[in-house]
Structure formats: C-alpha cells, structure tokens
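**Student:** prediction below, plus the sequence it came from.
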2 protein chains.
Amino acid sequence: MHDKLIVYIEQYSTLQLTNEEKALIVATFQPKKLRKKQYFLQEGDVCKYAGFIVKGAMRQYSVDEKGIEHIVQLLIENYWANDRESSTMLTASKYNIEACEDTELLILTRAEMLDLIEKIPAMAKMVFLMDERNSIANQRRLNSTISNTAEKRYEEFASNHPQFIQRFPQHTIASFLGITKETLSRIRKQATK
Amino acid sequence: MHDKLIVYIEQYSTLQLTNEEKALIVATFQPKKLRKKQYFLQEGDVCKYAGFIVKGAMRQYSVDEKGIEHIVQLLIENYWANDRESSTMLTASKYNIEACEDTELLILTRAEMLDLIEKIPAMAKMVFLMDERNSIANQRRLNSTISNTAEKRYEEFASNHPQFIQRFPQHTIASFLGITKETLSRIRKQATK
C-alpha cells in the first residue's frame, strides 16, 4: 500500500528516496480504510490527520444554516485530504470529508509531516511543489467564481479535470461549481451538440 | 542585509542553520532596491524572482478593462513578493507589484528556491509553515469576501493586521477590502465612537 506513495513522492519531487528514507515513510504513514459514506473528518472535530488517497474518491463540504451543502473540494487518488486551518490552529473544523466510494488512505499527523519534511529532502520538495499547485488552483478557482458565467466555469472544470466528470455524480459536480443540477444538465446538453 | 532573512528562517522553522547553510543562503539571495513607485513585477512580464522584503511596503494589484485597480495583496517586512502562477507556469503575469515606500528585497529564482529546499531542512520547514499560513489566510479572505458585510470585513482586517492600517493610505486599504473610500471613512468613524 505504501508503494504508491513512494512512487508519488519520487515522481513529484524528481528525487530518489534512500532505503532509510523509504523505511521512515513506511513507519510514519498509517493505513486507514473507509467504506462509502464514512467520514474522514466531521464538522466540529479537530482535523488530526492529513491523508494521502491511495484508492477511492471523497468530497469535502460545509453545511450552511439552511442545511445546504457547499462542496469545497473533490478528491481522488494521489490527492491529500486535510483541513489545514483546523490541523494548524487546533480549532473545530467547519468541514466534512466523506468517502464517495470505498477509500484507502495513508495518514499522518501534522507533527509527523513536519518531521518528514525536516529529514527527507524529497518529501520537502514534493510538499513545496504540491502547495504551489494548490495555491495556483485556488487562485484560479477564486477568479473563475468571481468573473465567469456558469457555462464558462463548467467548460474550464471539464477541461482541467476530465477524470472528475467520470467519477462523481452530477449533483456533486453541480454543487462544486455552485450551480443547480438543472443548469448543469442544460449546459452539458449544449456542450455535446 | 541577509541577517534579517537568516533570523527569519531560524525563528520561523525553530531550527538552527549551520555556517555552511548560512553561506549558501547569502550566496543565493541577491539584494534588490526599489524606490517608491518602482515595480518589482509588471503585468505581462514573467515573474522570474520571489523577493523577501527586508524593508519597505508594496502592493500587488491587477487592473481591469475599465482601468480600475484591484489590490490582491499588501506586503511589508518579512513578507514574500511573488506571482506563483507566473513563476511556475512561465506565463505572463496578470499582476503588478509596486513599491509603496523605498523597499529593499532579497530575491531568488524558483530553481534556486527548489535547490535550497532540497539542501537546507530549516528552509524546507519555513516554506511549509509559510505556505500553511498563506493557505489559511487565503481561505479566510475568500470566506470573508463571500459572507461578510463591509463593516465586518474591516473589523476582521483591522484586528488581524493592525500594522497595515498604520502603513498604507486609506484608498489602498479600501481597494484591498473591495469597498469605496467613502464607505471605509464612514466605517472608521463608527468604529472610533
């Protein structure tokens, strides 16, 4: 199960791990399995672990006072499940992270992550590149939400994340894009013409 | 000039730098001075350098098709000036980064940053913690922009960044908060009552 994580770190960082470093990674990351509809994190809890997704799919969402879900992130293999604000500040999370399929993760605490970053250059480089990618994706999503029409948002999403379109149900994708299921259905019909 | 950066890295990471590591940092970061109103980055250019601000104040902004400025970030000592999307993807930047006071920076390229992260554990840990802080701040700013009134946004900003209130002119702070100068002036009068 750790093999996929090791391949991921080496590919992402373009650095090779020593056997000692690999052993430290295997000893640190603990396996965790969730069945479909189980939670990795529930609103109100402190997020103690970050999880690397080896297999499966998850969604991260908040629920407003009217009981409406707002999906902030969709996650599949090679993504990380986490609420950084909660895990850093040790505050109650505003989010739920729920398995949309049977899911296998490798988890570690923030203190363990800091230790690995200090000891393993490939891990440090991988985390830097991942944060860079996330920061760009968040900036783009913010800009897209502020300035684009629903059609344009769907078009960008479908071209940047074709795998998500296959993997998640339509109502989940509609919520992620902040549009109704009916609007999404209309846009998809137009797009296939 | 590099002393402040070295103190910053050691304090932020809570790790001590060896003399060899300090020498590598001094050899890598190049000093750059800007007079007030000079640009660190101009729209349309590729952002080749990240800059650690040793002294001074800057603002990062985009200009829309009507010629209106939108301030995305205010920067002072110990902040980093950068456009990560442009420096990672090598695309033309949408942003300008302009000195609001005479400013001194220590700059390095993305390749040099990656090299330091690989070689210096304290640098890797500092960058991780900084990205963590930025990711939390961006998430909060997005939530605040979406869900709060102008009064509440000013209140949060003033309590999180009292030093910015002293340092930047009112019209700059109004633009950062996405409100008019008149609205800001009204809110400040109410707040001092």
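**Tutor:** Cool, the structure landed.
**Student:** only C-alpha atoms for contact and neighbour calcs from this point on.
**Tutor:** Will do.
**Student:** so, in contact with chain B or not, the longest helix anywhere in chain A?
**Tutor:** Longest helix in chain A, counting residues (DSSP state H): helix A:121-147. Yes. Helix A:121-147 reaches chain B (C-alpha under 8 Å from any C-alpha of the partner chain) through A:Pro121, A:Ala122, A:Ala124, A:Lys125, A:Val127, A:Phe128, A:Asp131, A:Glu132, A:Ser135, A:Ile136, A:Leu142.
**Student:** equivalent analysis for stretch A:20-33, please.
**Tutor:** No. Under the criterion of C-alpha under 8 Å from any C-alpha, chain B is not reached by stretch A:20-33; the shortest gap measures 14.1 Å.
**Student:** quick check, A:Ile97 in contact with A:Gln42.
**Tutor:** Yes. Here A:Ile97 reaches A:Gln42: they are 6.6 Å apart, a contact under C-alpha atoms under 8 Å.
**Student:** before we move on, back to that, give me the buried subset of the residues of helix A:121-147 next to chain B.
**Tutor:** The neighbour count (16 or more other C-alpha atoms under 10 Å in any protein chain shown) marks A:Pro121, A:Ala122, A:Ala124, A:Lys125, A:Val127, A:Phe128, A:Asp131, A:Ser135, A:Ile136 as buried among the residues of helix A:121-147 next to chain B.
**Student:** strand partners of the strand or helix carrying A:Leu74, parallel vs antiparallel please.
**Tutor:** Per DSSP states H and E: A:Leu74 is located in strand A:69-75. Applying DSSP bridges to the sheet, strand A:69-75 is found paired with strand A:58-63 (antiparallel).
**Student:** can you give me the strands for chain A?
**Tutor:** Along chain A, counting by DSSP state E, strands occupy A:30-34, A:39-41, A:49-55, A:58-63, A:69-75, A:80-81, A:96-99, A:103-109.
**Student:** which stretch in these has the least confidence?
**Tutor:** The weakest mean pLDDT among these belongs to strand A:69-75, with a mean of 89.
**Student:** at the contact with chain B, which residues of chain A appear?
**Tutor:** Proximity of chain A to chain B, by C-alpha under 8 Å from any C-alpha, involves residues A:84-85, A:88, A:114, A:117-119, A:121-122, A:124-125, A:127-128, A:131-132, A:135-136, A:142.
**Student:** domains in chain A, by residue range?
**Tutor:** Chain A breaks down by automatic domain parsing into domains covering A:2-136, A:148-193.
**Student:** find the nearest non-adjacent residue to the most centrally placed residue in chain A, please.
**Tutor:** Nearest to the mean C-alpha position of chain A, by C-alpha atoms, centre = their mean, lies A:Leu75 at 3.9 Å. Take A:Leu75 and drop its neighbours on the chain: the residue closest to it by C-alpha to C-alpha, 6 or more residues apart in numbering or on different chains is A:Met58, 5.0 Å away.
**Student:** repeat for A:Ile187
**Tutor:** Looking at A:Ile187 with C-alpha to C-alpha, 6+ apart, the closest residue is A:Glu151, at 6.2 Å.
**Student:** what's the neighbour count on the one you found?
**Tutor:** 17 (other C-alpha atoms under 10 Å in any protein chain shown).
**Student:** for A:Arg186, same thing?
**Tutor:** Counted with other C-alpha under 10 Å, the neighbours of A:Arg186 add up to 11.
**Student:** cool, A:Arg140 as well?
**Tutor:** 13.
**Student:** contacts for stretch A:6-16, please.
**Tutor:** With contact meaning C-alpha atoms under 8 Å, 6 or more residues apart in numbering or on different chains, stretch A:6-16 is reached by A:Leu17, A:Lys22, A:Asn78, A:Ala122, A:Met123, A:Lys125, A:Met126, A:Leu129.
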